[in-house]
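Trainee: Kindly generate the corresponding structure for this input.
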Amino acid sequence: MSKFEKLQPWIGLLSRLTLGGVLFVAGYLKVDKLEVSQMAVRSYELLPIPIANFLGQTLPFFEVVVGLLLILGAATRAVAALGGFTMFIFIIAIAQAWARGLNIDCGCFGGGGTVDPGQTRYLQEILRDAGLVALALFLVRYPITKFSIDKTPKQSNAGDTE
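Mentor: Residues are numbered from 1 along each chain as shown. A predicted model of the protein is given here:
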(Lines give C-alpha, C1' and ligand atoms only; values in the text may rest on other atoms or scores of the structure.)
Protein backbone atom coordinates (compact mmCIF):
# COMPACT_ATOMS: atom_id res chain seq x y z
CA MET A 1 0.00 0.00 0.00
CA SER A 2 1.46 3.35 -1.04
CA LYS A 3 1.79 6.30 1.29
CA PHE A 4 -1.00 8.08 -0.61
CA GLU A 5 -3.31 5.08 -0.23
CA LYS A 6 -2.73 5.18 3.52
CA LEU A 7 -3.30 8.94 3.73
CA GLN A 8 -6.17 9.20 1.24
CA PRO A 9 -8.98 8.33 3.70
CA TRP A 10 -7.62 10.92 6.14
CA ILE A 11 -7.21 13.56 3.42
CA GLY A 12 -10.78 12.74 2.40
CA LEU A 13 -11.98 13.21 5.96
CA LEU A 14 -10.29 16.60 6.15
CA SER A 15 -11.77 17.52 2.75
CA ARG A 16 -15.26 16.42 3.82
CA LEU A 17 -15.13 18.30 7.10
CA THR A 18 -13.72 21.45 5.50
CA LEU A 19 -16.13 21.66 2.55
CA GLY A 20 -19.05 20.43 4.64
CA GLY A 21 -18.22 22.76 7.52
CA VAL A 22 -17.96 25.81 5.27
CA LEU A 23 -21.27 25.03 3.57
CA PHE A 24 -23.03 24.24 6.84
CA VAL A 25 -21.82 27.40 8.59
CA ALA A 26 -22.53 29.59 5.55
CA GLY A 27 -26.08 28.29 5.35
CA TYR A 28 -26.69 28.31 9.10
CA LEU A 29 -25.68 31.96 9.40
CA LYS A 30 -28.27 32.90 6.77
CA VAL A 31 -31.21 30.66 7.71
CA ASP A 32 -32.73 33.15 10.14
CA LYS A 33 -31.92 36.17 7.94
CA LEU A 34 -33.58 35.24 4.66
CA GLU A 35 -34.31 38.87 3.73
CA VAL A 36 -30.58 39.62 3.92
CA SER A 37 -29.83 36.48 1.91
CA GLN A 38 -32.29 37.61 -0.77
CA MET A 39 -30.66 41.04 -0.88
CA ALA A 40 -27.22 39.43 -1.24
CA VAL A 41 -28.36 37.36 -4.23
CA ARG A 42 -30.10 40.36 -5.82
CA SER A 43 -26.94 42.47 -5.44
CA TYR A 44 -25.17 40.33 -8.06
CA GLU A 45 -27.67 41.71 -10.62
CA LEU A 46 -27.68 38.41 -12.52
CA LEU A 47 -31.20 37.08 -12.09
CA PRO A 48 -34.71 38.49 -12.30
CA ILE A 49 -35.79 39.69 -8.85
CA PRO A 50 -38.35 36.90 -8.22
CA ILE A 51 -35.77 34.22 -9.04
CA ALA A 52 -33.07 35.97 -6.99
CA ASN A 53 -35.47 36.18 -4.04
CA PHE A 54 -36.36 32.49 -4.36
CA LEU A 55 -32.68 31.57 -4.51
CA GLY A 56 -31.96 33.78 -1.51
CA GLN A 57 -34.65 31.94 0.46
CA THR A 58 -33.66 28.41 -0.53
CA LEU A 59 -29.86 28.58 -0.80
CA PRO A 60 -29.22 28.71 2.98
CA PHE A 61 -31.23 25.52 3.54
CA PHE A 62 -29.50 23.82 0.60
CA GLU A 63 -26.10 24.77 2.04
CA VAL A 64 -27.03 23.42 5.48
CA VAL A 65 -28.24 20.09 4.08
CA VAL A 66 -25.27 19.61 1.73
CA GLY A 67 -22.87 20.63 4.50
CA LEU A 68 -24.43 18.25 7.01
CA LEU A 69 -24.39 15.34 4.55
CA LEU A 70 -20.72 15.97 3.84
CA ILE A 71 -19.86 16.19 7.52
CA LEU A 72 -21.62 12.87 8.10
CA GLY A 73 -20.10 11.31 5.00
CA ALA A 74 -23.44 10.36 3.45
CA ALA A 75 -23.56 9.92 -0.34
CA THR A 76 -20.17 11.61 -0.37
CA ARG A 77 -19.47 11.44 -4.11
CA ALA A 78 -22.85 12.89 -5.16
CA VAL A 79 -22.99 15.48 -2.38
CA ALA A 80 -19.39 16.58 -3.00
CA ALA A 81 -20.26 17.01 -6.69
CA LEU A 82 -23.23 19.21 -5.68
CA GLY A 83 -21.09 21.19 -3.26
CA GLY A 84 -18.30 21.62 -5.81
CA PHE A 85 -20.74 22.70 -8.52
CA THR A 86 -22.24 25.21 -6.09
CA MET A 87 -18.80 26.65 -5.36
CA PHE A 88 -18.07 26.84 -9.09
CA ILE A 89 -21.28 28.83 -9.62
CA PHE A 90 -20.25 31.12 -6.75
CA ILE A 91 -16.89 31.69 -8.47
CA ILE A 92 -18.67 32.68 -11.68
CA ALA A 93 -21.01 35.03 -9.80
CA ILE A 94 -18.17 36.69 -7.88
CA ALA A 95 -15.99 37.00 -11.00
CA GLN A 96 -18.76 38.64 -13.00
CA ALA A 97 -19.46 41.10 -10.18
CA TRP A 98 -15.76 41.96 -10.09
CA ALA A 99 -15.56 42.28 -13.89
CA ARG A 100 -18.63 44.52 -13.99
CA GLY A 101 -17.26 46.78 -11.26
CA LEU A 102 -19.98 46.00 -8.72
CA ASN A 103 -18.98 46.86 -5.16
CA ILE A 104 -20.69 44.10 -3.21
CA ASP A 105 -20.02 41.75 -0.35
CA CYS A 106 -20.35 38.15 -1.53
CA GLY A 107 -22.95 37.38 1.13
CA CYS A 108 -21.30 34.02 1.66
CA PHE A 109 -21.55 34.07 5.45
CA GLY A 110 -24.47 36.46 5.87
CA GLY A 111 -24.34 40.10 5.05
CA GLY A 112 -24.13 41.01 1.40
CA GLY A 113 -25.20 43.98 -0.60
CA THR A 114 -23.32 47.11 -1.58
CA VAL A 115 -20.03 47.96 0.14
CA ASP A 116 -17.37 50.64 -0.30
CA PRO A 117 -14.94 49.89 -3.17
CA GLY A 118 -12.09 49.22 -0.73
CA GLN A 119 -14.13 46.59 1.11
CA THR A 120 -14.49 44.15 -1.78
CA ARG A 121 -12.48 40.92 -1.48
CA TYR A 122 -13.17 39.29 -4.82
CA LEU A 123 -9.79 37.65 -5.31
CA GLN A 124 -9.76 36.12 -1.82
CA GLU A 125 -13.33 34.87 -2.27
CA ILE A 126 -12.54 33.33 -5.66
CA LEU A 127 -9.38 31.65 -4.32
CA ARG A 128 -11.26 30.32 -1.27
CA ASP A 129 -14.02 28.89 -3.45
CA ALA A 130 -11.48 27.44 -5.91
CA GLY A 131 -9.85 25.62 -3.00
CA LEU A 132 -13.24 24.28 -1.99
CA VAL A 133 -13.86 23.11 -5.57
CA ALA A 134 -10.52 21.26 -5.40
CA LEU A 135 -11.62 19.54 -2.18
CA ALA A 136 -14.92 18.58 -3.82
CA LEU A 137 -13.10 17.12 -6.83
CA PHE A 138 -10.89 15.09 -4.50
CA LEU A 139 -14.01 13.71 -2.81
CA VAL A 140 -15.67 12.91 -6.12
CA ARG A 141 -12.57 10.91 -7.08
CA TYR A 142 -11.99 9.38 -3.62
CA PRO A 143 -15.35 9.32 -1.79
CA ILE A 144 -14.44 6.70 0.82
CA THR A 145 -13.08 8.49 3.86
CA LYS A 146 -12.54 7.89 7.55
CA PHE A 147 -15.52 8.18 9.91
CA SER A 148 -18.04 8.25 7.06
CA ILE A 149 -21.47 6.68 7.09
CA ASP A 150 -20.97 5.73 3.44
CA LYS A 151 -20.50 2.04 2.82
CA THR A 152 -16.83 1.08 2.83
CA PRO A 153 -15.57 -0.82 -0.23
CA LYS A 154 -15.57 -4.60 -0.08
CA GLN A 155 -12.35 -6.48 -0.60
CA SER A 156 -12.31 -8.69 -3.70
CA ASN A 157 -10.46 -12.00 -3.85
CA ALA A 158 -7.48 -10.23 -5.42
CA GLY A 159 -7.37 -7.76 -2.55
CA ASP A 160 -8.41 -4.81 -4.75
CA THR A 161 -11.16 -2.49 -3.64
CA GLU A 162 -14.29 -2.22 -5.73
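
Trainee: what residues does the lowest-mean-pLDDT helix or strand in the chain touch?
Mentor: Ranked by mean pLDDT, DSSP states H and E, the helix or strand of the chain with the weakest confidence is strand 113-114, at a mean of 85. The contact list for strand 113-114, computed with Cβ atoms under 8 Å, 6 or more residues apart in numbering, reads V36, M39, A40, S43, N103, I104, D105, G107. Where C-beta positions appear, they are placed from N, C-alpha and C, glycine not excepted.

Trainee: Pull the distance from stretch 81-89 to the chain's centre.
Mentor: Computed by Cα atoms, centre = their mean, to the nearest Å, the chain-centroid distance of stretch 81-89 equals 6 Å.

Trainee: so where's the protein uncertain?
Mentor: Residue ranges of the chain with pLDDT under 70: 152-162.

Trainee: what about the helices in it?
Mentor: 3-31, 34-42, 49-72, 76-99, 122-141 (DSSP state H).

Trainee: now the ones you listed in JSON lines, with distance to T114 and mean neighbour count?
Mentor: Shown next, in JSON lines, are the helices of the chain (distance: least, Cβ to Cβ, whole Å; neighbours: other Cβ atoms under 10 Å):
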{"stretch": "helix 3-31", "distance to T114": "18", "mean neighbour count": "18"}
{"stretch": "helix 34-42", "distance to T114": "9", "mean neighbour count": "20"}
{"stretch": "helix 49-72", "distance to T114": "15", "mean neighbour count": "18"}
{"stretch": "helix 76-99", "distance to T114": "11", "mean neighbour count": "18"}
{"stretch": "helix 122-141", "distance to T114": "14", "mean neighbour count": "17"}
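
Trainee: Now for the closest residue to R16 other than its chain neighbours: which residues touch it?
Mentor: Distance criterion Cβ to Cβ, 6 or more residues apart in numbering; nearest residue to R16, sequence neighbours excluded, is L70 at 5.1 Å. Residues counted as contacts of L70 (Cβ under 8 Å, 6+ apart) are R16, L17, L19, G20, L23, F24, T76, V79, A80, G83, L139.

Trainee: Same question for G56.
Mentor: So G56 contacts L34, S37, Q38, M39, A40, V41, R42 (Cβ under 8 Å, 6+ apart).

Trainee: between these, which is nearest I89?
Mentor: V41 (11.5 Å; Cβ to Cβ).

Trainee: Would you confirm that that closest one contacts L59?
Mentor: Yes: counting by Cβ atoms under 8 Å, V41 does reach L59; the two are 7.1 Å apart.
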